[in-house]
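# next one to model:
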Amino acid sequence: MTLNLNLGSPFLSGFAAPRFSKLHETNSSSSSTVLLTLLRPAATLLFNSRSLATTTRASLSEDENGVVEDPVSVSEILDEELLSRVSVAEDANEAMEIISESEKSKRSSGGVVSVNDCRLIINAAVGRGNTDLALSVFYTMRSSFDQGVSENSSFVDRWRWSRPDVNIYTSLVQGLAASLKVSDALRLIDDICRVGVSPGEEVPFGKVVRCPTCLIAVAVAQPQHGIQIISCSKCRYKYELVSGGIVSIDSEEISMDIPAWKRGLRFLQIMKQSIPAAVHSIVVQTPSGMARTHKFATETVDLPAKEGERVTVASAAPSNLYRAVGPFKFSPKAPNFYPGEPMCLTNHKDGRESLLLRAPTKDGNSSLLNPFSLIPLLAVLATGDAVSRIVDPSLPQFLSVAAVASLAVGTTLNTVVFPQLSQLPQRSVEVIAIKQQLLSQYDVLQSRIKELKEVAEKEVWMLARMCQLENKIYAVGEPSYRARRSRLKRVREGLENSLRGRIELIDSYARISSMIEIEVEMDYDVLAAEEVSSTENVAEQIQQIMELENLEEACFLHLESFSFCDTKFMHLNGGCKLKQMTRQKDLLIPKLCPQNRENGEEQKDIRSSFFAFLQLPFSIFQFWSHSGFVTLLHIRVVFNVDLRDRPALEKLFSQTKFDSVIHFAGLKAVGESVLKPLLYYDNNLIGTIILLEVMAAHGCKNLVFSSSATVYGWPKEVPSTEEFSLQATNPYGQTKLFIEEICRDIHRSDSEWKIILLRFFNPVGAHPSGKIGEDPCGIPNNLMPFVQQVAVGRRSALTVCGTDYLTKDGTGVRDYIHVVDLADGHIAAVRKLEDPKIGCEVYNLGTGKGTSVLEMVAAFEKASGKKIPLIMAGRRPGDTAIVYASTEKAERELNWKATYGIDEMCRDQWIWASQNPDGYGSPDSTN
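Numbers count the residues shown, from 1 in each chain. Presented below is the predicted three-dimensional model:
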């Protein structure tokens, strides 16, 4: 029986030209698949970049001049004497003159100074303390485009500087920090964030402005822009953007002027509007000289912008804009806003976006809800009611019905009919959606660049501090500081490696941002098909690179409870860096519930003791090839091993050195474990014992084990903490508990073991794109896959097991966790293994809240708009009433916290289910 990868995966299809070898055949008598992932340490992948040509030293003494020569760097035009002369030049022009007048250069008719030679010059200049030359060469390189040489140009003009690469960036930033030129290093990092022409560039791309209603990127406010009318492709309303500098601003605090009765109504949530704290009146002057006054309120007393700063005010569509629907005209403005009313203010200087409130009127107490107006009105209505009874006893009822009907009709028209009629037709915004899709991706990239820049700046300061401290130690010269010098050296190397990795990622993000700028600024409505194709290509790059943002390790969806049918349904959340690599990253990727999708033959009960070994050669970053695509990953399967097959496992560990293991224990159905306990003990326990023995024999003693919160059994109180006593109530839980005890015993016997045990409940959800989701084989064992299949019509009804528990609705209460949060939790656990103080630790993962079965069903009904038929049944053997766990320890020590609730879980799962109603099989397949 053979386990096959399904190459039709929409996730894997995003990679360029993947090649898969066939999986080795497995023993057909085996009964299960183990979910197992072996990872190398984060540090190996994070900083596996090509070594820099030079290494900067902190000491500025005569012997320790700050730079170590690269023994492997060979220059075509620079020798030691010429490099010494060039390194004392005043600027890049003088350095180029010296190079062009050298004997080697005169023998050629011109050319380009290679990147390697440029790096040698920069490092030599920094080593001599000539940072002005290093910066001059760098900025000249950034301004160079190497457009060829003219025959009529002078001899010096025939030479050009190369464009800088990421190694130039890294070398110069580290050299400036070591020379204690922190301000220059920080300015250099700011320049790396932009793939521009020069630091004096005066034609920036502009500021991305979001829709004030749905908060997606809709337009770019460039320096020359004043007033724009834009449309949002999502909400399909029009907005007016006014961009310019603030010439005057008047503000007044009014938070104390809000009447007590109005505060009370808002506290009771009878009135939904936010309470304004201040009213502002600003005058915005556009580049053309036109001035526009805007008056609005804000929830806080903080000014959204100051005088002199450039801002963009997004307002509802003005009254002179309308769309005709037959004989009627409707304003395409957002509902519940007046024409031209300010809705959002974007500050171009600091990027802040402030949602604006309607400024209160002078007579703030004229509302009908004002007691001084409401009481007389009620008195008049009561008197009229009494008089109408004298005229006709049925008249009050008639008036009441008419009033209620009028109110209902008016409310329906104002909240449903008119807003829909005001929306733009879908076809009219299709072309705009292309540009706005790119702008949204650009906005995400800029946010990531900003975050990485802040961290890199902190590391530059720390590196400069370490270098300054090292200078002091060299100056003192005491032999007793030798140990401290070694410690400082290790710290410096760590900071340099970390800074190198961040600069590489910033450079990668900046390049993609520039590609998006090119797409947006070109005439995007020439050929819509080409535009869509370009958009999809860039979107594919964004998706891949955002998955690599952590620069550390790959972590997959928790396949133990998320019963995917093929290894294609893995969630890579990190794992490689966007750069050229020649070494391979080795991962064990689990295979669960395999099926032969090509011929429709289903393979039953092969769920836990097999895994597929994949090697990922990371030949990444030929950034844009001639075909316009990026090669990110080539995946090939090289092993398919039964975890209980000791010789095969020994062979695997002998061939490849692994540093860490994430162990997803396989069989996991509570009901089945009660009926077949020996199957569970054999598969889960025996397989784990063999794995641990082989790991120890090969020196791999870092383990993350995916346990389960079912080990808490029937807890006396909730939420359960990691210190609670353990008592599993079913064989499945017993296997988890036994494995935990085995791990603790191993650590006590050998302190070299570093083990993290993760306890959690039901993973729910799917990838937000809808391309990766859950499609279990056979009858689902978990709640939400069953609900999903009922919603799409694959099953007739959901059977609820147990309706008489002592809970709020009689059904069992559990914690649920989004699979993306769970993947992040495993990444955090792998990072924690790098802590030398870690021993054998336990962490709960989840939301920390209990949710009943009926509440989950209701949430899915809300997300899908489908009614789920229910069949009430008795309790399942081994099930408990209420179990959920506290996650405070994980939040504190792993720096991890669940970010998704049950609404997001059900939303993402429904997106997947609605796009893939038959899962990964055909409509006629049995699944």
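
# residue 912 is in contact with residue 772, correct?
Yes: counting by Cβ atoms under 8 Å, residue 912 is a contact partner of residue 772 at 7.3 Å. Any C-beta I mention is one placed from the backbone N, CA and C, and that applies to glycine too.

# which neighbours do these two have in common?
residue 766 (Cβ atoms under 8 Å, 6 or more residues apart in numbering).

# am I right that residue 755 falls within a strand?
Yes: residue state for residue 755 (DSSP: H, G, I helix; E, B strand; the rest coil) corresponds to a strand.

# mind listing what it touches?
Listed by Cβ under 8 Å, 6+ apart, the contact set of residue 755 reads 702-705, 743-744, 746-747, 839-841.

# looking at those residues, which is nearest residue 819?
Using Cβ to Cβ, residue 704 comes nearest to residue 819 of those, at 16.3 Å.

# for the closest one, report the pLDDT, please.
You'll see residue 704 listed with a pLDDT of 92.

# what do you get for the one 3 residues further on?
Residue 707 is assigned 90 on the pLDDT scale.

# output the contacting helices and strands for the top helix by length along the chain.
For the chain, the helix with the greatest residue count under DSSP state H is helix 430-476. Contacts defined by 3 or more Cβ pairs under 8 Å, 6 or more residues apart in numbering; DSSP states H and E place helix 430-476 against helix 166-178, helix 182-192, strand 207-210, strand 217-221, helix 482-521, helix 528-547.

# apply 6 Å and report the result again.
Identification of packing neighbours for helix 430-476 by 3 or more Cβ pairs under 6 Å, 6 or more residues apart in numbering; DSSP states H and E yields helix 166-178, helix 182-192, strand 217-221, helix 482-521, helix 528-547.

# number of nearby residues for residue 319?
Applying other Cβ atoms under 10 Å, we find 11 residues neighbouring residue 319.

# next up, the contacts around it.
Listed by Cβ atoms under 6 Å, 6 or more residues apart in numbering, the contact set of residue 319 reads residue 339.

# tell me the spacing between it and residue 77.
69 Å (Cβ to Cβ, to the nearest Å).

# residue 86 now?
Using Cβ to Cβ, we find residue 86 at a distance of 10 Å from residue 77.

# burial check on the closest residue to residue 124 other than its chain neighbours, number of neighbours?
Using Cβ to Cβ, 6 or more residues apart in numbering and skipping residues adjacent in sequence, the residue nearest residue 124 is residue 87, 3.8 Å away. Look at residue 87: counted by other Cβ under 10 Å, it has 23 neighbours.

# quick one: contacts for residue 87?
So residue 87 contacts 124-125, 128 (Cβ under 6 Å, 6+ apart).

# could you rerun that using 10 Å?
67, 95, 98, 120-130, 133-134 (Cβ atoms under 10 Å, 6 or more residues apart in numbering).

# return the members of these classed as buried.
Applying 16 or more other Cβ atoms under 10 Å to these, the neighbour count classes 67, 95, 98, 120-128, 130, 133-134 as buried.

# widest-spaced pair of the residues you listed?
Among these, 67 and 98 lie farthest apart (Cβ to Cβ), at 19.0 Å.

# how about the contacts of residue 755 in CSV, adding neighbour count?
Formatted as CSV, those follow (neighbours: other Cβ atoms under 10 Å):
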residue, neighbour count
702, 22
703, 24
704, 26
705, 24
743, 22
744, 16
746, 19
747, 19
839, 13
840, 19
841, 21
